[in-house]
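Asks: quick one: sequence and predicted model below, then my questions.
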Amino acid sequence: MTENQRIDREEIMQEETTNTVIRIEQDDKLYILIGTAHVSKTSAEEVKRVIEAERPDAVCIELDEQRYQAIMDADKWKKMDIFKVIKDKKATLLLMNLAISSFQKRMAKQFNIEAGQEMIQGIKSAEEVGAELVLADRNIQITFSRIWGNVGTKGKLMLLTQVLAGIFSNETITEEELEKMKSQDAISSILDEFTEHFPRLKTPLIDERDQYLAEKIKRAKGKKIVAVLGAAHVPGITEEIKKDHDLNQLNKVPKKSKWPKRIAWFIPIAIVGMILTTFIMNPEAGTAQIWSWLLWNGLFSAVGTAIAFGHPLAILTALLAAPITSLNPLMAAGWFSGLVQAYVKKPQVSDFEALSDDVYTVKGFWQNKVTRVLLVVMLANLGSTMGTIIAGTDVVRLFIENIF
(Lines give C-alpha, C1' and ligand atoms only; values in the text may rest on other atoms or scores of the structure.)
Protein backbone atom coordinates (compact mmCIF):
# COMPACT_ATOMS: atom_id res chain seq x y z
CA MET A 1 0.00 0.00 0.00
CA THR A 2 1.37 3.41 -0.98
CA GLU A 3 1.56 6.33 1.47
CA ASN A 4 -1.27 8.14 -0.39
CA GLN A 5 -3.50 5.07 -0.22
CA ARG A 6 -2.79 4.75 3.53
CA ILE A 7 -3.76 8.39 4.11
CA ASP A 8 -6.90 7.97 1.98
CA ARG A 9 -7.93 4.90 3.96
CA GLU A 10 -7.49 6.80 7.22
CA GLU A 11 -9.70 9.57 5.86
CA ILE A 12 -12.29 7.03 4.78
CA MET A 13 -12.32 5.50 8.26
CA GLN A 14 -12.94 8.99 9.68
CA GLU A 15 -15.79 9.53 7.21
CA GLU A 16 -17.53 6.46 8.62
CA THR A 17 -18.46 8.60 11.60
CA THR A 18 -20.59 10.75 9.25
CA ASN A 19 -22.30 7.60 7.91
CA THR A 20 -21.46 8.34 4.25
CA VAL A 21 -19.20 5.25 4.15
CA ILE A 22 -20.39 2.05 5.82
CA ARG A 23 -18.24 -1.07 6.20
CA ILE A 24 -19.92 -4.45 6.69
CA GLU A 25 -18.01 -7.69 7.27
CA GLN A 26 -20.08 -10.77 6.55
CA ASP A 27 -19.40 -14.34 5.33
CA ASP A 28 -15.68 -13.67 4.84
CA LYS A 29 -16.45 -10.69 2.61
CA LEU A 30 -16.09 -6.96 3.17
CA TYR A 31 -18.81 -4.69 1.80
CA ILE A 32 -18.11 -0.95 1.64
CA LEU A 33 -21.27 1.08 1.01
CA ILE A 34 -20.84 4.68 -0.15
CA GLY A 35 -23.94 6.85 0.42
CA THR A 36 -24.06 9.54 -2.26
CA ALA A 37 -26.21 12.40 -3.51
CA HIS A 38 -26.78 12.26 -7.27
CA VAL A 39 -25.83 15.91 -7.81
CA SER A 40 -23.02 16.21 -5.30
CA LYS A 41 -19.47 17.00 -6.41
CA THR A 42 -18.26 15.80 -3.01
CA SER A 43 -19.92 12.42 -3.58
CA ALA A 44 -18.12 11.94 -6.90
CA GLU A 45 -14.79 12.80 -5.28
CA GLU A 46 -15.51 10.44 -2.39
CA VAL A 47 -16.30 7.56 -4.76
CA LYS A 48 -12.99 8.08 -6.56
CA ARG A 49 -11.03 8.26 -3.32
CA VAL A 50 -12.62 5.16 -1.75
CA ILE A 51 -12.22 2.93 -4.81
CA GLU A 52 -8.63 3.99 -5.40
CA ALA A 53 -7.72 3.46 -1.72
CA GLU A 54 -9.57 0.15 -1.25
CA ARG A 55 -8.91 -1.37 -4.71
CA PRO A 56 -11.91 -3.73 -4.45
CA ASP A 57 -12.57 -6.90 -6.46
CA ALA A 58 -15.93 -5.53 -7.64
CA VAL A 59 -17.72 -2.18 -7.80
CA CYS A 60 -21.53 -2.23 -7.67
CA ILE A 61 -23.37 0.85 -8.91
CA GLU A 62 -27.01 1.82 -8.51
CA LEU A 63 -27.81 1.51 -12.22
CA ASP A 64 -29.62 -0.99 -14.40
CA GLU A 65 -28.61 -1.84 -17.98
CA GLN A 66 -30.96 0.73 -19.50
CA ARG A 67 -29.67 3.66 -17.41
CA TYR A 68 -26.08 2.47 -17.83
CA GLN A 69 -26.46 2.56 -21.62
CA ALA A 70 -28.05 6.01 -21.37
CA ILE A 71 -25.01 7.29 -19.46
CA MET A 72 -22.52 5.65 -21.83
CA ASP A 73 -24.36 6.76 -24.98
CA ALA A 74 -24.51 10.55 -24.89
CA ASP A 75 -26.26 10.64 -28.28
CA LYS A 76 -29.24 8.51 -27.25
CA TRP A 77 -31.73 11.36 -27.71
CA LYS A 78 -30.68 11.83 -31.34
CA LYS A 79 -31.67 8.22 -32.07
CA MET A 80 -35.15 8.42 -30.55
CA ASP A 81 -38.09 7.80 -32.90
CA ILE A 82 -40.85 10.08 -31.60
CA PHE A 83 -43.48 8.34 -33.77
CA LYS A 84 -42.57 4.95 -32.24
CA VAL A 85 -42.76 6.45 -28.74
CA ILE A 86 -46.36 7.54 -29.38
CA LYS A 87 -47.38 4.29 -31.10
CA ASP A 88 -45.91 2.25 -28.22
CA LYS A 89 -47.97 4.34 -25.76
CA LYS A 90 -44.84 5.54 -23.94
CA ALA A 91 -45.23 9.30 -24.44
CA THR A 92 -46.45 10.00 -20.91
CA LEU A 93 -43.79 7.72 -19.39
CA LEU A 94 -41.06 9.50 -21.35
CA LEU A 95 -42.40 12.89 -20.32
CA MET A 96 -42.39 11.79 -16.67
CA ASN A 97 -38.80 10.62 -17.01
CA LEU A 98 -37.82 13.99 -18.47
CA ALA A 99 -39.69 15.82 -15.71
CA ILE A 100 -37.83 13.84 -13.04
CA SER A 101 -34.47 14.45 -14.72
CA SER A 102 -35.33 18.14 -15.06
CA PHE A 103 -35.06 18.69 -11.29
CA GLN A 104 -31.85 16.67 -11.06
CA LYS A 105 -30.30 18.54 -13.97
CA ARG A 106 -31.17 21.95 -12.49
CA MET A 107 -29.55 20.93 -9.22
CA ALA A 108 -26.51 19.57 -11.05
CA LYS A 109 -26.19 22.77 -13.06
CA GLN A 110 -26.37 24.80 -9.84
CA PHE A 111 -23.34 22.91 -8.51
CA ASN A 112 -21.59 22.81 -11.90
CA ILE A 113 -21.56 19.01 -12.00
CA GLU A 114 -23.00 16.41 -14.34
CA ALA A 115 -26.09 14.64 -12.95
CA GLY A 116 -25.12 11.13 -11.87
CA GLN A 117 -21.43 12.03 -11.82
CA GLU A 118 -20.83 9.73 -8.84
CA MET A 119 -22.06 6.76 -10.90
CA ILE A 120 -19.91 7.80 -13.86
CA GLN A 121 -16.96 8.08 -11.48
CA GLY A 122 -17.73 4.62 -10.12
CA ILE A 123 -17.62 3.19 -13.66
CA LYS A 124 -14.32 4.94 -14.43
CA SER A 125 -12.66 4.05 -11.15
CA ALA A 126 -13.70 0.39 -11.41
CA GLU A 127 -12.00 0.19 -14.79
CA GLU A 128 -8.88 1.97 -13.50
CA VAL A 129 -8.33 -0.44 -10.59
CA GLY A 130 -9.34 -3.53 -12.58
CA ALA A 131 -12.47 -4.25 -10.55
CA GLU A 132 -15.51 -6.02 -11.99
CA LEU A 133 -18.37 -3.60 -12.65
CA VAL A 134 -21.77 -4.80 -11.40
CA LEU A 135 -25.01 -3.10 -12.49
CA ALA A 136 -26.86 -3.72 -9.25
CA ASP A 137 -30.23 -1.99 -9.63
CA ARG A 138 -33.51 -3.43 -10.87
CA ASN A 139 -34.70 -2.65 -14.38
CA ILE A 140 -36.35 0.78 -14.26
CA GLN A 141 -39.34 -0.40 -16.33
CA ILE A 142 -40.07 -3.18 -13.82
CA THR A 143 -39.85 -0.69 -10.95
CA PHE A 144 -42.25 1.70 -12.72
CA SER A 145 -44.66 -1.17 -13.45
CA ARG A 146 -44.65 -2.29 -9.82
CA ILE A 147 -45.11 1.31 -8.64
CA TRP A 148 -47.98 1.96 -11.06
CA GLY A 149 -49.75 -1.23 -10.07
CA ASN A 150 -49.33 -0.57 -6.36
CA VAL A 151 -50.31 3.05 -5.69
CA GLY A 152 -53.97 3.09 -6.74
CA THR A 153 -55.80 5.85 -8.61
CA LYS A 154 -55.34 8.47 -5.89
CA GLY A 155 -51.65 7.63 -5.61
CA LYS A 156 -51.18 7.91 -9.37
CA LEU A 157 -52.74 11.37 -9.41
CA MET A 158 -50.62 12.49 -6.44
CA LEU A 159 -47.47 11.10 -8.04
CA LEU A 160 -48.16 12.78 -11.39
CA THR A 161 -48.89 16.06 -9.63
CA GLN A 162 -45.72 15.93 -7.55
CA VAL A 163 -43.46 15.01 -10.47
CA LEU A 164 -44.89 17.59 -12.86
CA ALA A 165 -44.68 20.21 -10.12
CA GLY A 166 -40.94 19.60 -10.24
CA ILE A 167 -40.88 21.18 -13.71
CA PHE A 168 -42.16 24.46 -12.28
CA SER A 169 -40.03 24.40 -9.15
CA ASN A 170 -37.33 27.02 -8.75
CA GLU A 171 -36.08 25.44 -5.55
CA THR A 172 -32.39 25.83 -4.79
CA ILE A 173 -30.27 24.22 -2.13
CA THR A 174 -26.77 24.91 -0.90
CA GLU A 175 -24.06 22.27 -1.22
CA GLU A 176 -23.75 22.24 2.58
CA GLU A 177 -27.45 21.43 2.90
CA LEU A 178 -27.08 18.74 0.25
CA GLU A 179 -24.24 17.07 2.15
CA LYS A 180 -26.23 17.18 5.40
CA MET A 181 -29.06 15.35 3.63
CA LYS A 182 -26.77 12.32 3.28
CA SER A 183 -26.64 11.79 7.06
CA GLN A 184 -28.63 8.93 8.57
CA ASP A 185 -30.88 11.21 10.65
CA ALA A 186 -31.79 13.39 7.67
CA ILE A 187 -32.47 10.34 5.48
CA SER A 188 -34.71 8.78 8.15
CA SER A 189 -36.65 12.02 8.42
CA ILE A 190 -37.11 12.27 4.66
CA LEU A 191 -38.18 8.63 4.34
CA ASP A 192 -40.65 8.99 7.23
CA GLU A 193 -42.24 11.96 5.51
CA PHE A 194 -42.22 10.12 2.19
CA THR A 195 -43.91 7.08 3.75
CA GLU A 196 -46.56 9.29 5.35
CA HIS A 197 -47.52 10.92 2.02
CA PHE A 198 -46.97 7.88 -0.26
CA PRO A 199 -47.27 4.76 1.94
CA ARG A 200 -47.88 2.40 -1.00
CA LEU A 201 -45.17 3.96 -3.12
CA LYS A 202 -42.30 3.36 -0.72
CA THR A 203 -42.46 -0.43 -1.01
CA PRO A 204 -41.63 -0.80 -4.75
CA LEU A 205 -39.50 2.35 -4.99
CA ILE A 206 -37.35 2.01 -1.86
CA ASP A 207 -37.89 -1.23 0.08
CA GLU A 208 -37.91 -3.68 -2.84
CA ARG A 209 -34.93 -1.98 -4.45
CA ASP A 210 -33.06 -2.14 -1.13
CA GLN A 211 -33.60 -5.90 -1.22
CA TYR A 212 -32.64 -6.19 -4.89
CA LEU A 213 -29.51 -4.07 -4.52
CA ALA A 214 -28.47 -5.94 -1.36
CA GLU A 215 -28.77 -9.31 -3.10
CA LYS A 216 -26.82 -8.15 -6.18
CA ILE A 217 -24.08 -6.74 -3.93
CA LYS A 218 -23.88 -10.04 -2.03
CA ARG A 219 -23.56 -11.98 -5.30
CA ALA A 220 -20.71 -9.80 -6.60
CA LYS A 221 -17.46 -11.77 -7.04
CA GLY A 222 -14.49 -11.27 -4.78
CA LYS A 223 -13.76 -10.68 -1.12
CA LYS A 224 -13.97 -6.88 -1.11
CA ILE A 225 -16.95 -5.12 -2.68
CA VAL A 226 -17.56 -1.38 -2.98
CA ALA A 227 -21.14 -0.26 -3.67
CA VAL A 228 -21.96 3.24 -4.95
CA LEU A 229 -25.52 3.99 -3.79
CA GLY A 230 -27.96 6.82 -3.30
CA ALA A 231 -27.79 7.74 0.38
CA ALA A 232 -31.48 6.89 0.89
CA HIS A 233 -30.77 3.22 0.15
CA VAL A 234 -27.86 2.73 2.55
CA PRO A 235 -29.88 2.22 5.79
CA GLY A 236 -32.14 -0.36 4.15
CA ILE A 237 -29.33 -2.22 2.39
CA THR A 238 -27.36 -2.35 5.64
CA GLU A 239 -30.21 -4.47 7.07
CA GLU A 240 -31.25 -6.35 3.92
CA ILE A 241 -27.73 -7.56 3.11
CA LYS A 242 -28.00 -9.84 6.15
CA LYS A 243 -30.91 -11.69 4.51
CA ASP A 244 -31.44 -13.73 1.33
CA HIS A 245 -33.75 -12.41 -1.38
CA ASP A 246 -35.39 -13.94 -4.46
CA LEU A 247 -34.44 -11.78 -7.45
CA ASN A 248 -36.94 -13.58 -9.70
CA GLN A 249 -39.76 -12.64 -7.34
CA LEU A 250 -38.59 -9.02 -7.18
CA ASN A 251 -38.42 -8.91 -10.99
CA LYS A 252 -42.01 -10.05 -11.48
CA VAL A 253 -44.30 -7.57 -13.22
CA PRO A 254 -47.70 -7.62 -11.48
CA LYS A 255 -50.54 -9.04 -13.54
CA LYS A 256 -53.05 -6.44 -14.56
CA SER A 257 -56.53 -6.89 -13.17
CA LYS A 258 -59.26 -7.57 -15.71
CA TRP A 259 -61.70 -5.29 -13.91
CA PRO A 260 -60.27 -1.98 -15.18
CA LYS A 261 -60.61 -3.22 -18.78
CA ARG A 262 -64.15 -4.42 -18.15
CA ILE A 263 -65.09 -1.10 -16.58
CA ALA A 264 -63.36 0.75 -19.43
CA TRP A 265 -65.64 -1.03 -21.92
CA PHE A 266 -68.74 -0.88 -19.71
CA ILE A 267 -68.72 2.93 -19.47
CA PRO A 268 -68.83 3.69 -23.24
CA ILE A 269 -71.38 0.91 -23.80
CA ALA A 270 -73.54 2.40 -21.04
CA ILE A 271 -73.16 5.90 -22.52
CA VAL A 272 -74.18 4.74 -26.00
CA GLY A 273 -77.06 2.72 -24.53
CA MET A 274 -78.40 5.73 -22.58
CA ILE A 275 -78.15 8.02 -25.61
CA LEU A 276 -80.01 5.51 -27.84
CA THR A 277 -82.69 4.92 -25.18
CA THR A 278 -83.18 8.65 -24.62
CA PHE A 279 -83.29 9.30 -28.38
CA ILE A 280 -86.03 6.70 -28.83
CA MET A 281 -88.09 8.19 -25.99
CA ASN A 282 -87.34 11.84 -26.73
CA PRO A 283 -85.40 12.62 -29.95
CA GLU A 284 -84.80 16.21 -28.84
CA ALA A 285 -83.20 15.13 -25.55
CA GLY A 286 -81.23 12.42 -27.36
CA THR A 287 -79.87 15.02 -29.79
CA ALA A 288 -78.89 17.21 -26.83
CA GLN A 289 -76.97 14.25 -25.36
CA ILE A 290 -75.09 13.72 -28.63
CA TRP A 291 -74.12 17.39 -28.85
CA SER A 292 -73.06 17.40 -25.21
CA TRP A 293 -70.82 14.40 -25.81
CA LEU A 294 -69.29 15.87 -28.96
CA LEU A 295 -68.70 19.36 -27.62
CA TRP A 296 -67.40 18.64 -24.11
CA ASN A 297 -65.07 15.87 -25.26
CA GLY A 298 -63.80 17.68 -28.32
CA LEU A 299 -63.43 21.12 -26.74
CA PHE A 300 -61.57 19.99 -23.62
CA SER A 301 -59.17 17.83 -25.63
CA ALA A 302 -58.61 20.70 -28.09
CA VAL A 303 -57.98 23.12 -25.21
CA GLY A 304 -55.43 20.69 -23.74
CA THR A 305 -53.65 20.55 -27.09
CA ALA A 306 -53.72 24.34 -27.34
CA ILE A 307 -52.20 24.68 -23.85
CA ALA A 308 -49.33 22.50 -25.13
CA PHE A 309 -48.94 25.01 -28.00
CA GLY A 310 -49.99 22.33 -30.47
CA HIS A 311 -50.24 23.08 -34.19
CA PRO A 312 -53.75 24.12 -35.37
CA LEU A 313 -54.07 20.81 -37.22
CA ALA A 314 -53.21 18.93 -34.00
CA ILE A 315 -55.85 20.98 -32.15
CA LEU A 316 -58.42 20.18 -34.86
CA THR A 317 -57.47 16.50 -34.68
CA ALA A 318 -58.04 16.46 -30.92
CA LEU A 319 -61.41 18.21 -31.39
CA LEU A 320 -62.59 15.57 -33.89
CA ALA A 321 -60.95 12.49 -32.40
CA ALA A 322 -61.80 12.87 -28.69
CA PRO A 323 -65.56 12.13 -28.92
CA ILE A 324 -64.76 8.92 -30.83
CA THR A 325 -61.73 7.72 -28.87
CA SER A 326 -63.58 8.30 -25.58
CA LEU A 327 -65.90 5.49 -26.62
CA ASN A 328 -63.02 3.11 -27.38
CA PRO A 329 -60.63 2.15 -24.53
CA LEU A 330 -58.07 0.99 -27.10
CA MET A 331 -57.61 4.50 -28.50
CA ALA A 332 -56.78 7.94 -27.12
CA ALA A 333 -57.20 11.39 -28.63
CA GLY A 334 -53.68 12.38 -27.62
CA TRP A 335 -52.13 9.67 -29.78
CA PHE A 336 -53.75 11.09 -32.90
CA SER A 337 -53.10 14.74 -32.11
CA GLY A 338 -49.53 13.85 -31.07
CA LEU A 339 -48.86 12.03 -34.33
CA VAL A 340 -50.20 15.00 -36.30
CA GLN A 341 -48.06 17.38 -34.23
CA ALA A 342 -44.98 15.22 -34.82
CA TYR A 343 -45.71 15.06 -38.57
CA VAL A 344 -46.42 18.77 -39.07
CA LYS A 345 -43.71 20.01 -36.69
CA LYS A 346 -41.28 17.11 -36.96
CA PRO A 347 -38.49 17.38 -34.37
CA GLN A 348 -35.10 18.03 -35.93
CA VAL A 349 -31.72 16.67 -34.86
CA SER A 350 -31.09 20.01 -33.14
CA ASP A 351 -34.18 19.47 -30.94
CA PHE A 352 -32.89 16.11 -29.75
CA GLU A 353 -29.43 17.59 -29.17
CA ALA A 354 -30.93 20.44 -27.11
CA LEU A 355 -33.28 18.17 -25.15
CA SER A 356 -30.96 17.62 -22.18
CA ASP A 357 -30.60 21.40 -21.77
CA ASP A 358 -34.21 22.36 -22.55
CA VAL A 359 -35.63 20.22 -19.73
CA TYR A 360 -34.02 22.65 -17.27
CA THR A 361 -36.90 25.13 -17.68
CA VAL A 362 -40.65 25.31 -18.21
CA LYS A 363 -40.02 27.45 -21.31
CA GLY A 364 -37.68 24.79 -22.66
CA PHE A 365 -40.29 22.06 -22.18
CA TRP A 366 -42.80 23.99 -24.28
CA GLN A 367 -40.36 25.24 -26.93
CA ASN A 368 -38.52 22.02 -27.73
CA LYS A 369 -40.37 20.17 -30.50
CA VAL A 370 -39.78 16.79 -28.84
CA THR A 371 -41.26 17.66 -25.46
CA ARG A 372 -44.02 19.69 -27.12
CA VAL A 373 -45.18 16.53 -28.91
CA LEU A 374 -45.18 14.68 -25.59
CA LEU A 375 -47.12 17.51 -23.94
CA VAL A 376 -49.66 17.45 -26.77
CA VAL A 377 -50.23 13.73 -26.20
CA MET A 378 -50.58 14.05 -22.43
CA LEU A 379 -52.68 17.23 -22.28
CA ALA A 380 -54.98 16.16 -25.14
CA ASN A 381 -55.66 12.91 -23.27
CA LEU A 382 -56.15 14.75 -19.99
CA GLY A 383 -58.59 17.16 -21.65
CA SER A 384 -60.49 14.29 -23.22
CA THR A 385 -60.78 12.57 -19.83
CA MET A 386 -62.18 15.73 -18.23
CA GLY A 387 -64.58 16.19 -21.14
CA THR A 388 -65.74 12.59 -20.82
CA ILE A 389 -66.56 13.08 -17.13
CA ILE A 390 -68.54 16.27 -17.76
CA ALA A 391 -70.30 14.97 -20.89
CA GLY A 392 -71.01 11.60 -19.27
CA THR A 393 -72.61 13.33 -16.29
CA ASP A 394 -74.81 15.36 -18.63
CA VAL A 395 -75.80 12.25 -20.60
CA VAL A 396 -76.81 10.46 -17.37
CA ARG A 397 -78.78 13.53 -16.21
CA LEU A 398 -80.83 13.74 -19.42
CA PHE A 399 -81.37 9.97 -19.41
CA ILE A 400 -82.76 10.01 -15.86
CA GLU A 401 -84.97 13.03 -16.58
CA ASN A 402 -86.60 11.27 -19.53
CA ILE A 403 -86.90 7.87 -17.82
CA PHE A 404 -88.76 9.34 -14.88
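Replies: Great, that's in hand.

Asks: give the other helices and strands that whichever strand or helix holds Ala214 contacts.
Replies: Per DSSP states H and E: Ala214 is located in helix 208-219. Using 3 or more Cβ pairs under 8 Å, 6 or more residues apart in numbering; DSSP states H and E as the contact test, the elements touching helix 208-219 are strand 29-36, strand 58-61, helix 140-148, strand 224-230, helix 234-240, helix 247-250. From N, CA and C alone the C-beta is placed, and that goes for glycine too.

Asks: need the mean per-residue confidence for the longest one.
Replies: For helix 140-148, mean pLDDT rounds to 79.

Asks: and the second one, by the same measure?
Replies: Mean pLDDT, strand 58-61: 96.

Asks: helices or strands up against whichever helix or strand comes after it?
Replies: Note on strand 58-61: by DSSP H and E, the next helix or strand toward the C-terminus is helix 65-72. Where contact means 3+ Cβ pairs under 8 Å, 6+ apart, helix 65-72 is packed against helix 117-129, helix 140-148.

Asks: and the helices and strands packed on helix 208-219: which comes nearest Glu215?
Replies: Closest to Glu215 of the helices and strands packed on helix 208-219 is helix 247-250 (Cβ to Cβ; 5.7 Å).

Asks: just the residues contacting the closest one, thanks.
Replies: Helix 247-250 is contacted from outside by Arg138, Glu208, Gln211, Tyr212, Glu215, Lys216, using Cβ atoms under 8 Å, 6 or more residues apart in numbering.

Asks: could you dump those to a markdown table with distance to Lys87 and neighbour count?
Replies: Formatted as a markdown table, these follow (distance: Cβ to Cβ, whole Å; neighbours: other Cβ atoms under 10 Å):
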| residue | distance to Lys87 | neighbour count |
| --- | --- | --- |
| Arg138 | 27 | 19 |
| Glu208 | 31 | 23 |
| Gln211 | 35 | 23 |
| Tyr212 | 31 | 25 |
| Glu215 | 36 | 19 |
| Lys216 | 34 | 19 |
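
Asks: which of those residues sit farthest apart?
Replies: Across those, no pair lies farther apart than Glu208 and Lys216, at 12.6 Å, counting by Cβ to Cβ.

Asks: so what's the residue count around the closest residue to Ile307 other than its chain neighbours?
Replies: Spatial nearest neighbour of Ile307, excluding adjacent residues (Cβ to Cβ, 6 or more residues apart in numbering): Leu379 at 5.5 Å. Counted with other Cβ atoms under 10 Å, the neighbours of Leu379 add up to 24.

Asks: for Leu379, give me phi and psi.
Replies: phi -70, psi -30 (degrees, to the nearest 10).

Asks: ok, it - contacts?
Replies: If you count contacts by Cβ under 8 Å, 6+ apart, Leu379 has them with Gly304, Thr305, Ile307, Ala308, Gly334.

Asks: in this structure the second one contacts Asn381, no?
Replies: Going back to what we said before, that points to Thr305. No - assessed by Cβ atoms under 8 Å, Thr305 is found out of contact with Asn381, at 9.8 Å.

Asks: between those two, which one's more packed in?
Replies: Between Thr305 and Asn381, counting by other Cβ under 10 Å, Thr305 is the more crowded of the two (33 against 24).

Asks: distance check, that one against Met386.
Replies: Thr305 sits 13 Å away from Met386, going by Cβ to Cβ, to the nearest Å.

Asks: contacting residues around the helix holding Ala214?
Replies: Contact with helix 208-219 is made by 29, 31, 60, 62, 134, 136-138, 143, 146, 225, 227, 229, 233, 236-237, 239-241, 243-245, 247, 250, as judged by Cβ under 8 Å, 6+ apart.

Asks: can you put the helices and strands packed on helix 65-72 in CSV and add distance to Leu316?
Replies: As requested, the helices and strands packed on helix 65-72 are exported to CSV (distance: least, Cβ to Cβ, whole Å):
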stretch, distance to Leu316
helix 117-129, 45
helix 140-148, 32
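
Asks: pick the most deeply packed of those helices.
Replies: helix 117-129 (a mean of 20; mean count of other Cβ atoms under 10 Å).

Asks: ok, and what's touching that helix?
Replies: So helix 117-129 is contacted by 34, 36-41, 43-48, 51-52, 55-56, 58-59, 61-63, 68, 71-72, 108, 114, 131-133, 226, 228 (Cβ under 8 Å, 6+ apart).

Asks: same question for stretch 59-69.
Replies: 51, 71, 76, 119, 122-123, 125-126, 131-141, 213, 216-217, 220, 225-230, 233.

Asks: could you chop the protein up by domain?
Replies: Per the record, the chain has its domains at 3-250, 258-403, by automatic domain parsing.

Asks: could you single out the most deeply buried of those?
Replies: Comparing those by mean neighbour count (mean count of other Cβ under 10 Å), domain 258-403 ranks first with a mean of 19.
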